[in-house]
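*Asks:* Requesting a structural model of the entry that follows:
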Amino acid sequence: MPLKKLPYPLIVALAAIFIFWSPVYSKAQQVIDIDITDAAIKKINFAVPYFTDKIRPEQKHDSGKAMAELLAKGLDFHGFINIIDPKSYGGGQNQNWRMLGANYVVIGKYISEGPRLVLELRLMDAGTGKMVMGKRFRDKLEKKRQMILKFCDEIIYKITGKQGISSSKIAFVSDSSGHKEIYIADALGDDIRQVTRHRNLAITPRLSPDSNKLVYTSYHNGNPNLYLIDFGKSSQLTKAISRRKGINYAPAWAPNGSFLVVTLSKDGNPDLYKMDPLGTILKRLTVNAGINVSPSFSPDGDKIAFVSDRSGDPQIYTMDVDSGRVQRLTYQGRENTTPSWSPDGEWIAYTGNGDDGYQIYKIKVAGGQPRQLTASWGSHESPSWSPDSRQIAFTRTRNNKSKLCTITSEGQWLQELFTLAGNQTSPQWSQRLKFY
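*Replies:* Model prediction:
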């Protein structure tokens, strides 16, 4: 049927479908490909005006403002984006964006349909005024956050070629309750919750690859035992998976989630063991070669990085899990600990104790010259990579106060993560969550 014979409402509907689902604007389109690992890159300016209700576009609503603020927070979290304060232009969508200094603009419109929300989002090039990408969501109102963060991560993909990380979590230790307990927060810090309530020392939280389980060490029964929480169970009961004599410490999940590597001292020396999630020992990986702790898996699961003092001082080593072949990785500094293997497989970040105290370093997995990423005053420890390998979370301690911070993989744009009472330490970044 020729288009001119179609009813006007149908023409409008078809046009909307074309705008939002045409391959021209699909994820498969060639990305803009900005290299944010370039140390010389400047932040990209984004404007995110308040979203408007399509039924009453002339009115400003708190819900539209809140949705825009969430998207802006998600974009800003990635470190290389600067959000132009909407208060500087009144939050309206009809502006001269180029005059405001924006590189990109996100325009959001929505319709409330009772328990459902229709959300239309567009990424616009401020220079040309053309749409770079767009998407239309229609889902339950309680999925609003997931819709917005999904689009946020798609924007990051469009700009850099890698999905964003606003849909991830961070597990950590905090004493805000008066005791060191395990907490979990989403990466933006909007949903911080206390997981353990042992009223005793709980340490080394490790989320499983699917984030459905958490393993950690607690001293609440007197011995440092290993515990597992299954968030998929309705009761979310905590069970001990290793109560062996001595330490049961610092677990690391294999990337496929089928087993862990832990440190046990049941035979006297702290050694690494391969263990299933029920606590059954599958294999002993080290035998009396110094103290062996802090395993971290390569993304393919074939190797681990770990700490051993077999040479006299704590240094980073790598091991082939199947063959047991060990190689020393670090040689510089008095003490190198807490290795974290990057998800892209290229780097191992770690804590190094040198002339300027505890700082974060990274080194190629094949070895070579390490690169120092932090240099400011205070202690910087326990690095953990973001799922896109672009950021590193770590603990920074100043004046006896410990807070979680992030820095880019090139050592740029250090920022504090959460505002939470007390001290926060030992971050562990999850993989991306598939919540939408």
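*Asks:* residues touching Ser265, list them.
*Replies:* Contacts here follow Cβ atoms under 8 Å, 6 or more residues apart in numbering; on that basis Ser265 touches 245-247, 271. In this view, the C-beta of every residue, glycine as well, is placed from N, C-alpha and C.
*Asks:* Mind doing that once more with 10 Å?
*Replies:* Taking Cβ atoms under 10 Å, 6 or more residues apart in numbering, we find Ser265 in contact with 224, 244-249, 271, 291-293.
*Asks:* ok, now Lys43?
*Replies:* 36, 76, 79-83, 103, 412-413.
*Asks:* Excluding sequence neighbours, find me the nearest residue to Lys401.
*Replies:* Closest residue to Lys401 apart from its sequence neighbours, by Cβ to Cβ, 6 or more residues apart in numbering: Asn423 at 6.3 Å.
*Asks:* Could you measure from the one you found over to Ser176?
*Replies:* In this view, Asn423 and Ser176 are 8 Å apart by Cβ to Cβ, to the nearest Å.
*Asks:* likewise Arg390?
*Replies:* Separation of Arg390 from Ser176 (Cβ to Cβ): 28 Å.
*Asks:* Show me which of the two is the more surrounded one.
*Replies:* Taking other Cβ atoms under 10 Å, Arg390 and Ser176 do not tie; Arg390 has more neighbours (24 against 15).
*Asks:* so how far is Leu414 from that one?
*Replies:* Distance, Arg390 to Leu414, by Cβ to Cβ: 14 Å.
*Asks:* who touches both of the two?
*Replies:* Taking Cβ under 10 Å, 6+ apart as the criterion, Arg390 and Leu414 both touch 79, 406, 408.
*Asks:* Kindly indicate which of those lies nearest Asn212.
*Replies:* Nearest to Asn212 among these: Thr406, at 24.4 Å, using Cβ to Cβ.
*Asks:* Phi and psi next, for that closest one.
*Replies:* Backbone torsions of Thr406, given as degrees, to the nearest 10, read phi -130, psi 160.
*Asks:* ok, now Ser242?
*Replies:* Dihedral pair for Ser242: phi -150, psi 110, per degrees, to the nearest 10.
*Asks:* Dig out what it forms beta bridges with.
*Replies:* Beta-bridge pairing for Ser242 (DSSP bridges): Leu226.
*Asks:* Tell me how far the residue nearest to Phe231 when sequence neighbours are not counted lies from Gln332.
*Replies:* What sits nearest to Phe231 in space, not counting adjacent residues and going by Cβ to Cβ, 6+ apart, is Asn212, at 5.3 Å. Going from Asn212 to Gln332 by Cβ to Cβ gives 39 Å.
*Asks:* now do Tyr183
*Replies:* In terms of Cβ to Cβ, Tyr183 sits 34 Å off from Gln332.
*Asks:* Repeat that for Pro277.
*Replies:* Distance from Pro277 to Gln332, counting by Cβ to Cβ: 37 Å.
*Asks:* more neighbours, these two?
*Replies:* Per other Cβ under 10 Å, whichever of Pro277 and Gln332 has more neighbours is Pro277, with 18 against 12.
*Asks:* sec struct for that one, please.
*Replies:* Three-state call for Pro277 (DSSP: H, G, I helix; E, B strand; the rest coil): coil.
*Asks:* need the contact list for it.
*Replies:* The contact partners of Pro277, by Cβ under 10 Å, 6+ apart, come to 208, 213, 215, 228, 230, 241, 251, 253-254, 257-260.
*Asks:* want to try a markdown table for those residues, with distance to Tyr358 and neighbour count as columns?
*Replies:* Output for these, formatted as a markdown table (distance: Cβ to Cβ, whole Å; neighbours: other Cβ atoms under 10 Å):
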| residue | distance to Tyr358 | neighbour count |
| --- | --- | --- |
| Ser208 | 29 | 21 |
| Lys213 | 30 | 18 |
| Val215 | 25 | 23 |
| Leu228 | 30 | 21 |
| Asp230 | 34 | 16 |
| Ile241 | 31 | 19 |
| Pro251 | 23 | 25 |
| Trp253 | 26 | 23 |
| Ala254 | 29 | 18 |
| Gly257 | 31 | 14 |
| Ser258 | 34 | 12 |
| Phe259 | 31 | 18 |
| Leu260 | 27 | 26 |
